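This is a predicted model, with the sequence first.
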Amino acid sequence: MVSSVAREEEEREGLRGLGHIAFIGVLAVAAAAVFGIARWIDNSYAFFAAYVVVQYIVLGTAWNILGGYTGYVNFGITAFFAIGAYSSVVMYKLTPWMPLPVMILVGGVLAALVGLGTGYLTLRLRGVFFSIATLALAVVVQTLITNWDFVGGARGAYVLRPRLAPLIGGEYIQYLFLVMLGLCVVSLATARAIERSALGYGFAAIRDDEAAAEASGVPTLKLKLIATALSGGFMGMAGAPLPYYVTYLDPASGFSLNYAVNAIAMPLIGGTMSWVGPLIGAVFVGGLQEYIRASSLYTYFDLNPAFGVLITGVLMVVFVILAPQGIVGLFKRKPR
Amino acid sequence: MTGSLDLLVNAVISGLLLGGFYAAVSIGVAISFGLLDIVNIAHPAFILLGSYVAYLANVYLGLDPILATVIAMPFFYLLGMALYQIYYVAFERRDDQSLRGLSFFFGILFIAEVGLILAFGVDLRSVQAWYVSGNLDLRVIELPWRLLVPFALGLVMVGGLQLFLSRTFVGRAIQAVAQDQQALRLMAANPTKIKRIAFGISLATASLGGAAMIIVIQAIEPSIGREYIGRIFAICVLGGLGSFPGMVIAAVTLGVVENLTATFLGPSWAPAVSFGVLLITLAVRPSGILGR
């Protein structure tokens, strides 16, 4: 039954013939094309805006690995995201020579470990306890960081962004964007690989009926822990370049609820059943937000900056009520 | 008496009073999460809404904040019934409470917060009433009215609801829903209708809780609600879901521990307490102190 669902998904994607390597190739070409276009436009604002959208693809995909595939809702996105961001701040202060990709890896590993720990403490309980615990985790991590003077405490920390990008030349934001694009390729390829592996079928079994899965020999706790660690790890990686992007990071902005809402809303709006959903959701919602921010709407109506994310929240509520399969589901044939 | 003993006694007593306030804001979740199994993480947003109702009525009409929220209770009750109806049709009937149902409440929480920011800005708002400042002088110790009044309010709410649930027909029906919905259906009673009433009551308590909140913390702003999610759920889980006496014990415990932490480690550490308590409870004894 599970495999028939997977086959249907593949047919819908129209990429069913592709093996993992070929798929990564397609993604890489797409990413290169995006980067090429951005270079051709050659506007640093475009890079800043595109970085945010791609960052949300990574965050949304990361959330979906746990939320969409296993059905466990993580509200503590900011905890993982900020662990990645603040681990970069620490490395910036201690080992400033370290290349950014290494910092991203370290941030990812730290966040994955925290995810593993939280999961280990709470995943044996009903799903909602995990969700509540992740809400709690976000505040615990925020309190710890606010009280940690080395990374600036409540005052925040300044990070000097290098003027020029290494390897590729041009402004540093181009390098940040390229790195985030690479991360996006890795996360999407991972999500797709999970979907069509035994791991993915195990996740789906947990989502559909955990008790039945457990009874038929699926090692549910182990699988849930893998999902939590992977999901948390990608969130940490998405956050690691943040200090260089914002150049000033304080707990209030690093733990902003906007990240959490966007990372949850985007997969739910796009569709949670496959890797396409978070991608579509992030491009649609992230693009919409950037468009609203850039457009004259703000100055014309004298809007509060919070308005853009309010739309995201409203869209999310509307979608979960009216279109539970997300945008992807709107284009899918009616189920049998 | 030495200085630090004085501090200790003060922290414990005001922590006890704070616990009464925590009970007042947690009781709504004790109903929705504890009895109805609806994880309304947006509850603090509705409490904050109650606070803003109290603020508006106080500033523009000169009403007493508690009286204002008592008047607002029927509206919160109707709002709760409407919200439950959406929740039932969209999630409970589709058996999709965990992923989309939770996300739904998260979205409501966020919309409420941003909506309040758009409407009132991030300025601090407060109310005027005789009990907002001043102390009750008991010779040995002075108790601030701003803690005593919400403490009393919390006790009245818990006691009243406990009586309501155990003595009235509807109250017993709500308890029956909590125990076994299927059995209720076999008795030809409609569990959805009873849950709608109970959820309405749960939100009506948020109105009063809002008055308690603006009195205790004196200056509110839209993002405060979020800090209370963890506190409220920590209290409900620690108390044992659905048990009012357990919830009061948990609320008072948390109030005291938080106050001790704030006094001896600094206020910036206080938010971590409730969450630490929650994590430890979930890891060690998820059924809570007086769990079923």
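Nice, thanks for sending it over.

Tell me who's in contact with the residue lying closest to B:Arg125 once chain neighbours are set aside.
Spatial nearest neighbour of B:Arg125, excluding adjacent residues (CB to CB, 6 or more residues apart in numbering or on different chains): B:Tyr55 at 4.8 Å. In this view, the C-beta of every residue, glycine as well, is placed from N, C-alpha and C. The contact partners of B:Tyr55, by CB atoms under 8 Å, 6 or more residues apart in numbering or on different chains, come to B:Pro65, B:Arg125, B:Ser126, B:Val127, B:Ile214, B:Ile220.

Take the residues you listed and keep only those in helices.
B:Pro65, B:Ile214 (DSSP state H).

Same list (the contacts of B:Tyr55) but as TSV, adding distance to B:Leu254.
What follows is the contacts of B:Tyr55, written out as TSV (distance: CB to CB, whole Å):
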residue	distance to B:Leu254
B:Pro65	24
B:Arg125	25
B:Ser126	24
B:Val127	25
B:Ile214	20
B:Ile220	20
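
what helix or strand does the residue nearest to B:Arg125 sit in?
For B:Tyr55, the host element (DSSP states H and E) is helix B:43-61.

For that helix, buried residues please.
By neighbour count on 16 or more other CB atoms under 10 Å in any protein chain shown, the buried set for helix B:43-61 is B:43-58.

For the nearest residue to B:Leu136 once chain neighbours are set aside, what are phi and psi?
Of all residues not flanking B:Leu136 in the chain, B:Leu143 sits nearest, at 4.5 Å (CB to CB, 6+ apart). In terms of degrees, to the nearest 10, the main-chain angles of B:Leu143 are phi -110, psi 120.

now swap in B:Gly242 and tell me
Torsion angles, degrees, to the nearest 10, at B:Gly242: phi 90, psi -10.

mind listing what the residue nearest to B:Leu136 touches?
Taking CB under 8 Å, 6+ apart as the test, what B:Leu143 contacts is B:Ile13, B:Ser14, B:Leu17, B:Asn135, B:Leu136.

Please produce a PyMOL select command covering the buried subset of those.
Listed next is the PyMOL selection for buried residues among these, using 16+ other CB under 10 Å:
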select buried, chain B and resi 13+14+17
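
As CSV, the contacts of B:Leu143 with distance to A:Leu144, pLDDT and secondary structure would be great.
Converted to CSV, the contacts of B:Leu143 look like this (distance: CB to CB, whole Å; pLDDT from 0 to 100; DSSP: H, G, I helix; E, B strand; the rest coil):
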residue, distance to A:Leu144, pLDDT, secondary structure
B:Ile13, 29, 90, helix
B:Ser14, 26, 88, helix
B:Leu17, 28, 92, helix
B:Asn135, 35, 82, strand
B:Leu136, 37, 82, strand
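
Contact partners for residue 107?
Using chain A here. A:Ile83, A:Gly84, A:Ala85, A:Ser87, A:Ser88, A:Gly236, A:Met237, A:Gly239, A:Ala240.

my bad, chain B
Contacts of B:Gly107 (CB under 8 Å, 6+ apart): A:Val261, A:Ala265, A:Gly313, A:Val314, A:Met316, A:Val317, A:Val320.

try it again with 7 Å
Neighbouring residues of B:Gly107 by CB atoms under 7 Å, 6 or more residues apart in numbering or on different chains: A:Gly313, A:Met316, A:Val317.
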